[in-house]
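Participant: Let's see this in three dimensions:
(chains A and B)
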Number of protein chains: 2
Amino acid sequence: MKVVKTIRELRGLLASLRGNGPVGFVPTMGSLHEGHLSLIRKSREACGCTVVSIFVNPTQFGPHEDFIRYPRDIPRDLALIGSLADIVFIPGEAELYPPGASTWVTVEGLSGILEGGDRPGHFRGVCTVVMTLFHIVMPDSAYFGWKDAQQLIIIRAMARDLAMRVRIVGMPTVRDPDGLAVSSRNVRLSPADRSAALCLSRSLHHIREMVELTGIRKPELLLAEGKKIIAASVGVELQYLEIADREMLRPVNKADENAMVLGAIRVGGVRLIDNIFL
Amino acid sequence: MKVVKTIRELRGLLASLRGNGPVGFVPTMGSLHEGHLSLIRKSREACGCTVVSIFVNPTQFGPHEDFIRYPRDIPRDLALIGSLADIVFIPGEAELYPPGASTWVTVEGLSGILEGGDRPGHFRGVCTVVMTLFHIVMPDSAYFGWKDAQQLIIIRAMARDLAMRVRIVGMPTVRDPDGLAVSSRNVRLSPADRSAALCLSRSLHHIREMVELTGIRKPELLLAEGKKIIAASVGVELQYLEIADREMLRPVNKADENAMVLGAIRVGGVRLIDNIFL
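Facilitator: Below you'll find the model as predicted:
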């Protein structure tokens, strides 16, 4: 595994590695966990060369969000990646945002709902940096976790709309044994908050069970039950809980096999998201 | 020269032609004239394979603009290209904008001034379609005329900001013997309007002569003289006349060798632009 910091170095290295087969790419903000590692392993399995990027992207954080407090630990990240990747790209900010940069990529509609409703500008930052990274790495496949379902769906729309050649691969959410979806932000939870945070995944699983066991399909009924679980959890603030189709996140009238439940909570100053397929 | 209509055909053909050397790309809206042909010839000279696209891009026209009346003549275009290009790509609208497409590329700041001030959304449409075409063709070099100076500068900014590998090459404005900058829209001018329209290029050349002969460098003084020429032209409506730096179109205090003059007029229902380096 080689660590590179500049676009020039990365392109030079990739030029010689492309002959090994398809290039797989896993863009990350570091603080790697089992979710990221599952993406990297999948890329390694499917591709001749795997590139991981680590960049905490400032433009996807709002002015009152946790850009400064976002966990960072590059030495640990590199140890976790070990020999799973061929190249780890750790650019400085000026490498991805040259002085005076003022170009933005937006996916309208999809970027304004759910996460985008609570975090204006978030997906504009995500799309812009992912597009730039795609131009740099020129991957055949790029790997994203279903944990960030809206991000995955938006990046897929962006790639399709702008005729990008890359294949966007979604991988299942990885969970800790207690059900909490793994996330870089989990390290910022106190033991009590972490325990309270479990209400989100419990709520999602409860909704899925209701569908499976009772056959109830009305989103309002299902969501009302799910919200009760979150409301009963002390110190947890619900941001949203919605049922939508898993192609384009459109609202649905019936929770069928094309639907998913998506939720966001705040607990102990940390914002967490999760979702589940029905 | 081969004509293709789908992304799939184009990619297939290009895969076999890339071995010939760098790929040059000239995106056009058809109705080709000497300006376009100078770009195509330059690409042919510099590259191993030249792709020309013809697509009247709906998203860069405002609701009250001339999308419907924009001149179209594919058979004539193909005859003019002849063997100058290897591939002519003539996509249908659904090829570049798949159903539900909602992704936009914008260069903030630069897109809101001059042409962008008069034509809101114009450069968003230009950037989005050019980015899509770049993803499809993956050219080493792309050729644009300085006649559309702001478009060239914006596309250069977009390519740099998003780390695109393509080199953006600007080529000089081509003029008819009477000084009129060649443009696809010129065919829509009556003989009287065409004669009146000459005031724009005369005004630009007059400003350059003033700088060269009198040493006057104050933008206000130069522009006032230039505007007199346009005001004296019956039936011509000035849209703007500005002096700006030719890197980023920032306003300048002094018309020096990094500056250019840019103007737009309306005459006989046709909007024309032109510019000149100082």
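Participant: Do you have the strands of the stretch 51-200 of chain A handy? List them.
Facilitator: Remark: strands assigned in the stretch 51-200 of chain A by DSSP state E, counting those that start in this stretch are A:87-89, A:103-107, A:141-145, A:167-171.
Participant: Longest helix in chain A, please.
Facilitator: helix A:191-214 (DSSP state H).
Participant: and it, which residues are buried?
Facilitator: By 16 or more other CB atoms under 10 Å in any protein chain shown, the buried positions in helix A:191-214 come out as A:193-194, A:196-208, A:210-211. (Each C-beta comes from the backbone N, C-alpha and C, glycine too.)
Participant: pLDDT weak spots in the stretch 101-250 of chain A?
Facilitator: By pLDDT under 70, the stretch 101-250 of chain A contains no weakly predicted segment.
Participant: what does it have sitting close to chain B?
Facilitator: By the rule CB under 8 Å from any CB of the partner chain, the part of the stretch 101-250 of chain A lying against chain B is A:101-110, A:127-128, A:131-132, A:135-136, A:138, A:157-158, A:160-165, A:248.
Participant: Mind checking which of those residues are in helices?
Facilitator: Judged by DSSP H, helices contain the following of these: A:C127, A:T128, A:M131, A:T132, A:H135, A:I136, A:A157, A:M158, A:R160, A:D161.
Participant: JSON lines for these, including neighbour count?
Facilitator: JSON lines is the format used below for those (neighbours: other CB atoms under 10 Å in any protein chain shown):
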{"residue": "A:C127", "neighbour count": "27"}
{"residue": "A:T128", "neighbour count": "24"}
{"residue": "A:M131", "neighbour count": "26"}
{"residue": "A:T132", "neighbour count": "25"}
{"residue": "A:H135", "neighbour count": "19"}
{"residue": "A:I136", "neighbour count": "24"}
{"residue": "A:A157", "neighbour count": "25"}
{"residue": "A:M158", "neighbour count": "28"}
{"residue": "A:R160", "neighbour count": "14"}
{"residue": "A:D161", "neighbour count": "21"}
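Participant: what's the closest of those residues to chain B?
Facilitator: A:D161 (3.7 Å; CB to the nearest CB).
Participant: what sits against the closest one?
Facilitator: By CB atoms under 8 Å, 6 or more residues apart in numbering or on different chains, the contact list for A:D161 reads A:V107, B:Y97, B:P98, B:A101, B:S102, B:T103, B:T132.
Participant: Spatially nearest residue to the fourth one, not counting backbone neighbours?
Facilitator: Computed as CB to CB, 6 or more residues apart in numbering or on different chains, the closest residue to B:A101 that is not its neighbour in sequence is A:D161, at 4.3 Å.
Participant: Can you spell out the domain ranges of chain A, please?
Facilitator: Chain A breaks down into these domains under automatic domain parsing: A:2-171, A:184-277.
Participant: Would you mind finding the most buried of the ones you listed?
Facilitator: Stretch with highest mean neighbour count among the domains of chain A: domain A:2-171 (a mean of 19; mean count of other CB atoms under 10 Å in any protein chain shown).
Participant: What's the end-to-end length of it?
Facilitator: Distance between the two ends of domain A:2-171: 25 Å, counting by CA to CA, to the nearest Å.
Participant: got it, and stretch A:157-175?
Facilitator: Criterion CA to CA; first-to-last residue distance in stretch A:157-175 is 26 Å.
Participant: helices and strands around the helix or strand that contains A:E225, which ones?
Facilitator: For A:E225, the enclosing helix or strand under DSSP states H and E is helix A:219-231. Secondary-structure packing of helix A:219-231 (3 or more CB pairs under 8 Å, 6 or more residues apart in numbering or on different chains; DSSP states H and E): helix A:191-214, strand A:236-245, strand A:259-267.
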